[in-house]
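**Student:** Sequence and predicted structure, then a few things I'm wondering about:
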Amino acid sequence: MLFPILEQVGNTDRITVEQMRALQNYNGSEIGAHVMTSSQHALDMAGRTEADMRAELNSVRDWYTARGFAPVSYAYPIGDYDALGERVVSKYYRSARSVATKFVETLPPSMPYRVRAMSVSADTTVAAVTAMIDKAVAGKGWLPLVVHCVKDSGATGNDAPTATLQGIGDYIATSGAKVRTMQQVMAMVS
């Protein structure tokens, strides 16, 4: 699942529209909606006016439509939202995710506009993620993982080290955990 900040698409060291299309069409990856700009990302979806949120969501939708994408899932900027943000987003998308690293999401999610996900960053250990995967499998739940940027070396803040992701991927491959996209999981919601 890819939720890019749209102003960064095509920039140096960032994904291109062609790569997004290839991920979607050939690798089965889901392209989800996020925000237009880094400055809008910093605003999150809490405490904003409805008009401001709708303007942002319309811009995001128009960008995707112009490039032939039709996302059905949304990632709240900074993972934050309030009741108004949740209501407005629900008019545009089938689901939305936040970030709550201490919880495993139910399968299917009981609140599709409050999907909880675990963020993988520079200080996240493989052991911490595999423990959450085990918890999700044991409880028949779901653990969406959020990765902002992958770095071979020098990962800081929200960057995830390549070695950490490799360790997580290796564990998933041998654990029996099923990998599902947001769209696949939301199809379970009645």
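**Tutor:** Structure's in. What do you need?

**Student:** going forward, measure contacts and count neighbours with C-alpha atoms only.
**Tutor:** Noted.

**Student:** In space, what's closest to E30 - neighbours in sequence excluded?
**Tutor:** In this structure, E30 finds its nearest non-sequential neighbour in M1, 4.6 Å apart by C-alpha to C-alpha, 6 or more residues apart in numbering.

**Student:** For that neighbour, list the residues it contacts.
**Tutor:** M1 makes contact with 29-32, 181-182 under the criterion C-alpha atoms under 8 Å, 6 or more residues apart in numbering.

**Student:** mind putting the residues you listed in CSV, neighbour count, distance to R67 and secondary structure included?
**Tutor:** Below are the contacts of M1 laid out as CSV (neighbours: other C-alpha atoms under 10 Å; distance: C-alpha to C-alpha, whole Å; DSSP: H, G, I helix; E, B strand; the rest coil):
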residue, neighbour count, distance to R67, secondary structure
S29, 16, 16, coil
E30, 22, 15, coil
I31, 24, 12, strand
G32, 22, 13, coil
T181, 14, 21, coil
M182, 21, 21, helix
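
**Student:** now, among those, which is nearest to S90?
**Tutor:** S90 lies nearest to G32 out of the contacts of M1, by C-alpha to C-alpha, at 14.0 Å.

**Student:** got a list of what the closest one touches?
**Tutor:** Contact partners of G32, counting by C-alpha under 8 Å, 6+ apart, are 1-4, 71-75.

**Student:** where's the dip in pLDDT among those?
**Tutor:** Taking the contacts of G32 together, the minimum pLDDT is found at M1 (79).

**Student:** nearest to A127, of the contacts of M1?
**Tutor:** Distance to A127, by C-alpha to C-alpha, is smallest for T181 among the contacts of M1, at 22.7 Å.

**Student:** That's all I had, so thanks and see you.
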